Structures are given as C-alpha cells and as structure tokens.
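# The sequence and its predicted three-dimensional model are supplied below.
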Amino acid sequence: MVLTIDVGNTNVNFAVINKNGNILKKYVAPSMDKAKIRKVLTQIKSVSSIIIVSVAPKILSIVNRDLRKIFKKTKIFIVGNDIKVPLECEYNKKEIGQDRLVTAFAAKELYGAPTLVIDFGTAVTFDAIKGNRYLGGLILPGIKMSLESLHDRTSMLPMTHLKKVNSFIGKNTKSSIRGGMAYGYGAICDGLIERFKKKLGKNLKVVATGGDAFLISRYTKSLKIIDSNLSHKGLFLLSQINLRKILTK
C-alpha cells in the first residue's frame with residue numbers, strides 16, 4: 001500500500017491507497033497543528049512507500065521528520081526532489097507549485113486532454129493542459145481567504161463561512177456575503193472556462209477539485225466533473241511510475 005500526502009498551507013491531507021488504486025482511508029490535519037499531524041501518522045499501519053507533494057516547506061520538514069521516526073524502513077519520495085512529474089512545462093519552473101503539476105498530470109491521465117483543472121484550495125487555481133504539456137494558468141484568492149479579508153479589513157462585516165445559499169439576493173449581511181462568494185465564484189468559473197475553451201477548444205474537459213469544489217459547482221453551469229481525490233490519485237500514479245523505474249533498473 002502507498003501513503004500519499006498533500007501538504008498544503010491550510011491542511012495536510014493523507015490517503016492510504018492499495019495496489020489497485022483504491023483509497024482505503026483518508027485523514028486530514030491542520031497544517032499548523034504538529035500534534036494532530038503526529039497523531040494521524042501514528043494511526044496509519046505499515047505501508048510500502050510514501051509519496052509527498054508540498055507547497056509549504058516548513059510544514060513539509062515537520063511531516064518528513066515525523067515520518068522518518070514512525071516509518072523507519074519505508075521509502076519516502078518527495079515530488080520535485082525524488083520524483084519528477086512527467087509533463088512538459090511551459091511555466092517558470094522555479095515558480096510552479098508541484099501540487100499544480102500533480103493534479104494536472106492526474107486530470108490528463110484520468111480524463112484526457114485538453115483539460116482544465118480548477119482547484120478550490122487556499123488559493124483558487126486554474127491549470128491548463130494540452131497533450132502532454134502543462135501550459136500554465138491563473139491564480140485567484142481562495143474563498144476562505146476572501147471571507148477572512150472581508151472581515152479583517154472592514155469595521156462592520158462579520159466573519160462567516162461558505163454555506164449553501166437558496167436566494168440570489170441576500171436578506172442580511174451574512175447571507176449577502178455567502179451569496180457573493182457562491183454566485184460570484186460560480187460566475188468567475190463560467191466566464192473563465194468559456195475563455196479557456198476559446199484558447200484550447202470546445203472539447204476542453206474541466207475537472208474541479210479542492211474543498212469547496214462541490215458546493216461552488218451548484219452555482220455554475222460549467223463544472224460537471226468533481227474529483228476531490230485528484231491530488232491523491234496523481235500521487236499514486238506517480239508512485240507506480242517510480243516503482244516501475246526501480247524494478248527495471
């Protein structure tokens with residue numbers, strides 16, 4: 001079995017995946033909660049290999065240290081260092097987040113190309129893939145970040161959380177903020193997807209992932225494929241490619 005780990009700025013996501021690619025268990029811990037991360041790792045039974053993608057170097061070092069203490073004999077691979085994502089990349093290679101390449105690779109392998117991946121994480125990213133080439137994309141503030149910014153930078157707007165809204169026109173401040181986020185990000189998706197289709201063709205496949213993907217999909221006409229496990233699937237596919245390379249040496 002393979003343990004896949006996606007180290008983000010907000011959360012660290014873990015998945016235990018069997019040799020057939022089936023996810024057996026998933027765990028999540030806040031990125032800044034060292035004790036919770038360690039507790040999750042102690043719950044995981046023996047695995048044959050561990051593969052990690054990270055956008056948070058400091059958190060990665062903590063996770064890596066705990067992994068080496070708990071899984072002493074298990075091989076640990078870090079995407080970008082030990083494993084390269086097999087995509088040709090037109091983006092500045094010094095700046096590209098490896099997590100974006102992993103989800104782009106997974107979407108291309110699982111759904112075909114041309115593909116657009118929309119990841120609703122700490123930031124909302126749009127990533128375009130054509131053939132075996134990662135073309136680049138767009139980055140927007142994440143929904144939670146936007147909600148926090150509205151609260152922190154105004155005197156009277158309350159902190160709230162994204163929830164399902166039933167009315168387009170809000171009747172109080174919280175429902176207005178939630179509606180603004182839900183319908184606003186939905187409209188952003190619809191508008192940008194149309195522009196990507198003009199660039200990449202009408203047969204463009206759109207795959208959404210990340211914590212808010214399913215909820216936002218209710219407020220768009222363009223998000224049909226929701227894959228919350230896209231990152232873990234991409235990491236698993238990379239682990240299998242790496243395993244084949246090791247076995248053929």
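Here it is on my side, so go on.

# roughly how far out does the lowest-mean-pLDDT helix or strand in the chain sit from the chain middle?
Every helix and strand in the chain was compared by mean pLDDT, DSSP states H and E; the lowest is helix 230-248, with a mean of 84. Offset of helix 230-248 from its chain centre (Cα atoms, centre = their mean, to the nearest Å): 17 Å.

# Next: stretch 145-159.
Distance, centroid of stretch 145-159 to centroid of chain: 25 Å (Cα atoms, centre = their mean).

# and that stretch, average pLDDT?
When pLDDT is averaged along stretch 145-159, the result is 93.

# Buried ones in the least confident helix or strand of the chain, by neighbour count?
Buried residues in helix 230-248, counting neighbours by 16 or more other Cβ atoms under 10 Å, are found at 230-239, 242-243. C-beta here means a position set from N, CA and C on the backbone, and glycine is covered the same way.

# got a list of contacts for that helix?
Applying Cβ atoms under 8 Å, 6 or more residues apart in numbering, the contact partners of helix 230-248 are 2, 4-6, 13, 15, 17, 21, 23, 26, 49, 51-53, 77, 79, 82-83, 85-86, 99, 102-103, 105-107, 109-110, 117, 119, 207, 209, 227.

# Out of the residues you listed, list just those in strands.
2, 4-6, 13, 15, 17, 23, 26, 49, 51-53, 77, 117, 119, 207, 209 (DSSP state E).

# What are the neighbouring residues in contact with Ile96?
Shown in contact with Ile96 (Cβ under 8 Å, 6+ apart): 89, 134.

# For it, which three-state class applies?
With DSSP: H, G, I helix; E, B strand; the rest coil as the basis, Ile96 sits in coil.

# do you know how far it is from Leu147?
Counting by Cβ to Cβ, to the nearest Å, the separation of Ile96 from Leu147 is 27 Å.

# now Tyr91
29 Å.

# Could you do Tyr134 as well?
According to Cβ to Cβ, Tyr134 and Leu147 sit 30 Å apart.

# got it, and Leu237?
Distance from Leu237 to Leu147, by Cβ to Cβ: 34 Å.

# re earlier: which of Tyr91 and Leu147 has more neighbours?
Leu147 (21 against 17; other Cβ atoms under 10 Å).

# Give me the packing partners of the lengthiest helix in the chain, helices and strands only.
Longest helix in the chain, counting residues (DSSP state H): helix 173-200. Helices and strands touching helix 173-200, by 3 or more Cβ pairs under 8 Å, 6 or more residues apart in numbering; DSSP states H and E, are strand 115-120, strand 123-130, helix 143-152, helix 213-217.

# What helices and strands are in contact with the shortest one?
So that's helix 213-217. The helices and strands touching helix 213-217, judged by 3+ Cβ pairs under 8 Å, 6+ apart, are strand 115-120, helix 173-200, strand 225-226.

# Please work out which of the ones you listed is packed deepest.
Ranked by mean neighbour count under mean count of other Cβ atoms under 10 Å, these are led by strand 115-120, which reaches a mean of 28.

# That strand packs against which elements?
The elements that strand 115-120 packs onto, with contact taken as 3+ Cβ pairs under 8 Å, 6+ apart, are helix 98-111, strand 123-130, helix 173-200, strand 205-210, helix 213-217.

# Distance to Lys73 added to those, as JSON lines?
As requested, the helices and strands packed on strand 115-120 are exported to JSON lines (distance: least, Cβ to Cβ, whole Å):
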{"stretch": "helix 98-111", "distance to Lys73": "25"}
{"stretch": "strand 123-130", "distance to Lys73": "36"}
{"stretch": "helix 173-200", "distance to Lys73": "45"}
{"stretch": "strand 205-210", "distance to Lys73": "32"}
{"stretch": "helix 213-217", "distance to Lys73": "37"}
